[in-house]
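Engineer: sequence unknown, structure follows:
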């Protein structure tokens, strides 16, 4: 079954396309004749320490052979169209516990790391609570703050670097992939992330487009993606995306008491005084987020957060995020919820931030204490009319609030949604919280035309059951937005092996759209369901 590939991804593939190579280097822990693996078997290898000082040619292939217990440090990268390829041979494993990085990319450009599909490609063995070591701040792949440019990481497992079992803050500074400040034009895909407090930390400092796709992330990872505009104040990050991934957001990690933003997806601009950093059209689509929202004290305002890092709110520092075709299920109950019960699945905060949410399906089967979406203007910030929430064609079911607004009613456009079995809309200000029924909310805001509160009529796999389902053709046509990937629905499966299957159903270019992530199709009854479904739809 063929996966959907956007035009942007095709561009990225072309950027990293690996031509025929004239030179191949083999690297093992101690060097010498190597026995084992596939490509490495029978070859003469250089040692890891020798490799560190070996100058590489553009387009060269480097095979990692066997178990390596010293940090892998490429001396240099390649060039546009001819990256250096570091290829894990079958069975190769970098088993290093380093606070710099097990694989250290020190400011390099045009480097491709292919982990060979290996399940132990990079790990810090026996490190964690109650194990032989409990070293914090361990990094799987990292730049030590020196950044990188045009780096692709694919095909295998990073982690665990810290095996966490609760009860302490130890390990909270571990990161599976830490590009940190200066990581520009990063492409991470077809990976499994395991055993780290933070999955990916990427903070570009020059104009950059970054891709995070086809990932499997389990509960042993805390925050999945921390993406920000780095330390620079004059950059444009455009058309980056997080898509086609499977994320279990039931984190096992305890959060230090002074930590506020431990969301699965955290995106923000610096918003420092005079800053000119922009994040535009960051797209979050075709993902399956599942699990349970956390109990009190876990430091997450929401599942997906878009906001600002500081409170200066200059008009020259802004971001826009488009979130669509995501399936979100929550098996938590009324005692669980983001931000101690006043958070949400989509959370927008402060100052020149635009969040657009289209055709998502959000099912909280057991009444989790969340809103479907939240806007917060923190006290003391300027607030602007340029903030905008757009919420259309979504299905929200079972949570305690439909929408939650703090401090003021930000400009928003919302219509053609289904809020079934949810609580009220809420507006909280200096005088306390006011709640509203849908009818009263419509009168107050002039929004939510054609919004319903009816059972959407979904199957056990979250597909529209029939043409008589309430979600069928209850949406507005959004073709004019020009979001190409929104013109088809979500895929049948997600993550490393995700594929369209019988999903990716095309939406009408002119007629009414269905609500939620999956358009109705006459063959829907034979669709391949997403994996790991736990919630019961309404």
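Structural biologist: All right, it came through fine. Fair warning: this is a prediction, and the values are worked out from it, not measured in the lab. Residues are numbered from 1 along each chain as shown.
Engineer: my read is that residue 295 contacts residue 333, right?
Structural biologist: No: using C-beta atoms under 8 Å, residue 295 is not in contact with residue 333, being 10.1 Å away. All C-beta atoms are positioned from the backbone trio N, CA, C, and that covers glycine.
Engineer: any residues in contact with both of the two?
Structural biologist: With contacts defined as C-beta atoms under 8 Å, 6 or more residues apart in numbering, no residue is shared by residue 295 and residue 333.
Engineer: compare these two (neighbour count), which wins?
Structural biologist: Comparing residue 295 with residue 333 by neighbour count (other C-beta atoms under 10 Å), the higher total belongs to residue 333, at 15 against 12.
Engineer: quick check: closest non-adjacent residue to the more buried one.
Structural biologist: residue 366 (4.4 Å; C-beta to C-beta, 6 or more residues apart in numbering).
Engineer: A helix includes that neighbour, no?
Structural biologist: No: using DSSP: H, G, I helix; E, B strand; the rest coil, the assignment for residue 366 is coil, not a helix.
Engineer: and the pLDDT for it?
Structural biologist: Looking at residue 366, its pLDDT is 85.
Engineer: strands of the stretch 1-150 of the chain, residue ranges please.
Structural biologist: 24-28, 32-33, 44-47, 61-64, 67-68, 84-88, 93-95, 103-104, 109-123, 139-142, 148-158 (DSSP state E, counting those that start in this stretch).
Engineer: with mean neighbour count and distance to residue 321 added, can I get those in TSV?
Structural biologist: Putting those into TSV (neighbours: other C-beta atoms under 10 Å; distance: least, C-beta to C-beta, whole Å) gives the following:
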stretch	mean neighbour count	distance to residue 321
strand 24-28	21	41
strand 32-33	10	52
strand 44-47	16	46
strand 61-64	24	37
strand 67-68	20	39
strand 84-88	24	33
strand 93-95	22	34
strand 103-104	22	30
strand 109-123	22	28
strand 139-142	28	26
strand 148-158	23	23
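Engineer: out of the ones you listed, which gets nearest to residue 242?
Structural biologist: Of all those, it is strand 148-158 that lies closest to residue 242, at 14.6 Å by C-beta to C-beta.
Engineer: check the offset of the helix or strand following that closest one from the chain's centre.
Structural biologist: Using DSSP states H and E, the helix or strand that follows strand 148-158 in sequence is strand 175-181. Centroid displacement of strand 175-181 relative to its chain, using C-alpha atoms, centre = their mean, to the nearest Å, is 14 Å.
Engineer: helices or strands up against strand 175-181?
Structural biologist: Judged by 3 or more C-beta pairs under 8 Å, 6 or more residues apart in numbering; DSSP states H and E, strand 175-181 is in contact with strand 139-142, strand 148-158, strand 183-193, strand 196-203.
Engineer: how about stretch 437-451: buried residues?
Structural biologist: Neighbour-count burial for stretch 437-451 flags 438, 441-442, 445, 447-448, 451 (criterion: 16 or more other C-beta atoms under 10 Å).
Engineer: contacts for that stretch, please.
Structural biologist: Outside stretch 437-451, the residues touching it (C-beta under 8 Å, 6+ apart) are 402, 409, 412-419, 424-425, 436, 453, 474, 476.
Engineer: return the distance of that stretch from the chain's centre.
Structural biologist: That offset, for stretch 437-451, works out to 32 Å (C-alpha atoms, centre = their mean).
Engineer: so for it, mean pLDDT?
Structural biologist: 91.
Engineer: can I get the strands of the stretch 1-150 of the chain in TSV with distance to residue 54?
Structural biologist: Shown next, in TSV, are those (distance: least, C-beta to C-beta, whole Å):
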stretch	distance to residue 54
strand 24-28	7
strand 32-33	16
strand 44-47	7
strand 61-64	9
strand 67-68	15
strand 84-88	11
strand 93-95	17
strand 103-104	14
strand 109-123	14
strand 139-142	19
strand 148-158	19
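Engineer: as TSV, the ones you listed with mean pLDDT would be great.
Structural biologist: Listed next are the strands of the stretch 1-150 of the chain as TSV, based on pLDDT from 0 to 100:
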stretch	mean pLDDT
strand 24-28	97
strand 32-33	97
strand 44-47	98
strand 61-64	98
strand 67-68	98
strand 84-88	98
strand 93-95	98
strand 103-104	98
strand 109-123	98
strand 139-142	98
strand 148-158	98
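Engineer: nearest to residue 193, of these?
Structural biologist: Using C-beta to C-beta, the nearest of the strands of the stretch 1-150 of the chain to residue 193 is strand 148-158, at 5.7 Å.
Engineer: any idea which of the helices and strands packed on strand 175-181 gets closest to residue 518?
Structural biologist: strand 183-193 (23.4 Å).
Engineer: got the angle for the closest one vs strand 148-158?
Structural biologist: Using axes from the mean of the first three to the mean of the last three C-alpha atoms, to 10 degrees, the inter-axis angle of strand 183-193 relative to strand 148-158 is 0 degrees.
Engineer: next, the angle from strand 183-193 to strand 175-181.
Structural biologist: 170 degrees.
Engineer: direction included, what does strand 183-193 pair up with?
Structural biologist: According to DSSP bridges, strand 183-193 forms sheet pairs with strand 148-158 (parallel), strand 211-213 (parallel), strand 216-217 (parallel).
Engineer: residues in contact with the second one: which ones?
Structural biologist: By C-beta under 8 Å, 6+ apart, the residues outside strand 211-213 that reach it are 8-9, 12, 186-190, 200, 225, 240-245.
Engineer: from these, which is closest to residue 500?
Structural biologist: Out of the contacts of strand 211-213, the member with the shortest distance to residue 500 (by C-beta to C-beta) is residue 244, at 9.8 Å.
Engineer: the closest one: neighbouring residues, count only.
Structural biologist: For residue 244, using other C-beta under 10 Å, the count is 30.
Engineer: identify the residues contacting it.
Structural biologist: Taking C-beta under 8 Å, 6+ apart, one finds 3-4, 213-214, 286-287, 491, 494-495, 498 in contact with residue 244.
Engineer: what do you get for residue 402?
Structural biologist: Neighbour list for residue 402: 371-372, 396, 419, 422-425, 438 [criterion: C-beta under 8 Å, 6+ apart].
Engineer: was I right to think residue 226 contacts residue 183?
Structural biologist: No: when contacts are counted by C-beta under 8 Å, residue 226 is not listed as touching residue 183 (11.1 Å).
Engineer: joint contacts of those two?
Structural biologist: The overlap between the contact sets of residue 226 and residue 183 (C-beta under 8 Å, 6+ apart) consists of 202-203.
Engineer: which one of these two is surrounded by more residues?
Structural biologist: residue 183 (28 against 21).
Engineer: quick check: that one touching residue 148?
Structural biologist: Yes: look at residue 183 against residue 148 with C-beta under 8 Å: they come within range, at 5.5 Å.
Engineer: phi, psi of residue 516?
Structural biologist: phi 90, psi -180 (degrees, to the nearest 10).
Engineer: setting aside sequence neighbours, what's the nearest residue to residue 229?
Structural biologist: Going by C-beta to C-beta, 6+ apart, residue 229 has residue 277 as its nearest residue, at 3.8 Å.
Engineer: and that neighbour, how far is that from residue 433?
Structural biologist: 34 Å (C-beta to C-beta, to the nearest Å).
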